[in-house]
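Colleague: Predicted coordinates and the sequence they were generated for:
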Amino acid sequence: MNKEICPLAKKCGGCDYQGMSYEQQLKEKEQSVRKLMKGFGEVLPIIGAQNPYHYRNKVHAVFARQKNGEIVSGVYQEGSHRVVPVNACQIENEKADEIIVSVRKLLKSFKIKVYDEDTDYGLLRHVMVRTGYVSGQIMVVLVVRSPIFPSKNNFVKALLKLHPEITTVVLNVNERRTSMVLGDRNITIYGKGYIEDTLCGCIFRISPTSFYQINPVQTERLYKTAMMLARLNKRNVVIDAYCGIGTIGMVAAKTVKEVIGIELNAEAVRDAIANAKRNQMDNIRFVQGDAGMFMEGMADREENVDVVFMDPPRSGSDEAFLRSLLILAPQKIVYISCNPETQARDLKVLCKKDYQVEAIQPVDMFPFTKHCENIVLLSRKIKNF
Ligand code: SAH
């Protein structure tokens with residue numbers, strides 16, 4: 001399994017652990033989690049990936065025109081706006097990489113100009129490809145400066161001829177002069193405008209801008225471990241905070257009385273509602289809004305909650321959320337984090353008085369990068385009766 005060091009490693013900067021054995025990578029991550037979790041409890045051995053290569057189900061490439069006129073696609077060099085050309089990557093889905101190369105080759109014959117940030121001129125900015133691990137469905141998102149894409153039908157036809165496995169093509173309009181990849185508007189030009197995939201026996205619909213974990217094999221292990229730690233039962237009322245398209249909540253819903261999912265991104269909430277219907281689940285509902293504010297409302301209404309799953313973005317949770325969590329006083333909190341640093345900060349607040357850490361389980365979702373996912377199970381010291 002020892003592949004060669006990626007020739008782009010230095011320029012790209014996406015992989016922190018290039019050249020390091022996977023075993024060593026796992027050791028490093030476990031150690032860094034242990035350091036951050038010091039004082040909270042023992043850290044269980046990290047759950048590593050069986051195959052650390054080509055796990056990324058979502059791939060994006062930025063497009064640029066070089067001084068000699070050649071069009072390249074790849075990633076921004078770390079800390080700069082120079083594009084490092086990438087045709088293949090050890091951690092990205094291989095089919096997605098091939099599709100991006102094909103799009104680049106088609107640009108010339110269709111006379112499509114790539115976008116230039118400095119002059120704000122040109123059409124194609126980025127291409128994002130999302131793949132369904134179980135379903136095999138593939139979504140191609142063409143991020144464009146303007147919704148007018150000349151001979152788009154023929155472009156799609158030509159792309160499908162090269163890759164008949166593509167199931168949907170979407171134009172994402174990003175008119176802003178920003179380094180943010182995606183704009184707000186999606187126009188479906190082929191297929192359904194989303195893909196579906198299966199996780200832990202549930203089918204999920206994934207739209208262009210909805211968050212979905214990027215390593216599907218490890219995500220299933222992450223969720224299964226989180227459920228096992230939570231030891232849910234049929235009487236439980238459960239919150240899935242920062243729920244994305246509802247994945248954690250829906251897996252939990254199979255074994256509990258009721259689940260409420262809270263998510264800020266409106267498109268993700270639409271996906272979540274559709275997902276619940278698609279899987280015929282009637283004991284889960286979703287709320288669009290800020291998780292902290294929603295929890296404050298629940299605490300004010302003195303509602304009863306048994307278990308809270310929280311899976312915030314890298315920045316961690318906020319004061320309002322943590323304060324309301326202490327008032328709501330669920331028996332268990334399962335804190336899943338992609339940034340153990342902010343997780344440790346938040347744990348300090350929760351463990352001051354009311355909660356104790358029962359288990360700490362790191363999971364490697366991002367081989368070759370220094371990032372590590374971490375699950376912490378907390379239980380309330382004073383039991384409610
Ligand atoms: N639990 C999901 C998503 C986790 S990613 C999964 O495993 O797939 C974190 C999610 O939090 C994103 O979907 C993001 O849109 C959402 N989010 C970010 N800030 C938020 C806030 N203040 N309130 C609610 N959701 C938020």
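Modeller: The structure has been received and is ready for your questions.

Colleague: the helices in this structure, which residues?
Modeller: 9-12, 22-36, 94-109, 152-162, 216-230, 247-253, 266-278, 291-300, 319-328, 340-351 (DSSP state H).

Colleague: Give me the helices and strands touching the second one, please.
Modeller: On a contact count with 3 or more Cβ pairs under 8 Å, 6 or more residues apart in numbering; DSSP states H and E, helix 22-36 meets helix 340-351, strand 355-363. Yep, even glycine has a C-beta here, placed from its N, CA and C like the rest.

Colleague: and with 10 Å instead?
Modeller: Judged by 3 or more Cβ pairs under 10 Å, 6 or more residues apart in numbering; DSSP states H and E, helix 22-36 is in contact with helix 340-351, strand 355-363, strand 373-380.

Colleague: for the fifth one, same thing?
Modeller: Applying 3+ Cβ pairs under 10 Å, 6+ apart, one finds that helix 216-230 makes contact with strand 195-199, helix 247-253, strand 307-310, strand 332-337, strand 355-363, strand 373-380.

Colleague: Using PDB, write out the CA atom coordinates for the fourth one.
Modeller: Included here for strand 332-337 are C-alpha records, laid out as PDB according to Å, rounded to 0.1, in the frame of the first residue of the first chain:
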ATOM      1  CA  LYS A 332     -25.800  12.600  27.600                       C
ATOM      2  CA  ILE A 333     -24.000  14.700  25.100                       C
ATOM      3  CA  VAL A 334     -22.200  13.200  22.100                       C
ATOM      4  CA  TYR A 335     -19.800  15.900  20.800                       C
ATOM      5  CA  ILE A 336     -18.400  15.000  17.400                       C
ATOM      6  CA  SER A 337     -15.700  17.400  16.200                       C
END
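
Colleague: Give me the mean pLDDT for that strand.
Modeller: For strand 332-337, mean pLDDT is 98.

Colleague: ok, it: who's next to it in the sheet?
Modeller: Strands flanking strand 332-337 in the sheet, each with its direction: strand 307-310 (parallel), strand 373-380 (antiparallel) (DSSP bridges).

Colleague: sorry, back to before: identify whichever of the helices of the chain lies nearest to residue 63.
Modeller: helix 94-109 (7.0 Å; Cβ to Cβ).

Colleague: pLDDT of that closest one, averaged?
Modeller: 97.

Colleague: one step back: compare the helices and strands packed on helix 216-230 and report which one is nearest to the ligand.
Modeller: helix 247-253 (4.6 Å; Cβ to the nearest ligand atom).

Colleague: need the contact list for the nearest residue to residue 168 once chain neighbours are set aside.
Modeller: Distances taken as Cβ to Cβ, 6 or more residues apart in numbering put residue 191 closest to residue 168, at 3.0 Å, once the chain neighbours are dropped. By Cβ atoms under 10 Å, 6 or more residues apart in numbering, the contact set of residue 191 is 137-140, 156, 160, 166-170.

Colleague: cool, residue 57 as well?
Modeller: 92-93, 96, 129-133, 138, 195, 197, 206, 212-217, 219.

Colleague: Would you mind checking the residues you listed for buried ones?
Modeller: Among those, those classed as buried by 16 or more other Cβ atoms under 10 Å are 92-93, 96, 129-133, 138, 195, 197, 206, 212-216, 219.

Colleague: List, out of those, those positioned next to the ligand.
Modeller: 212-213 (Cβ under 6 Å from any ligand atom).
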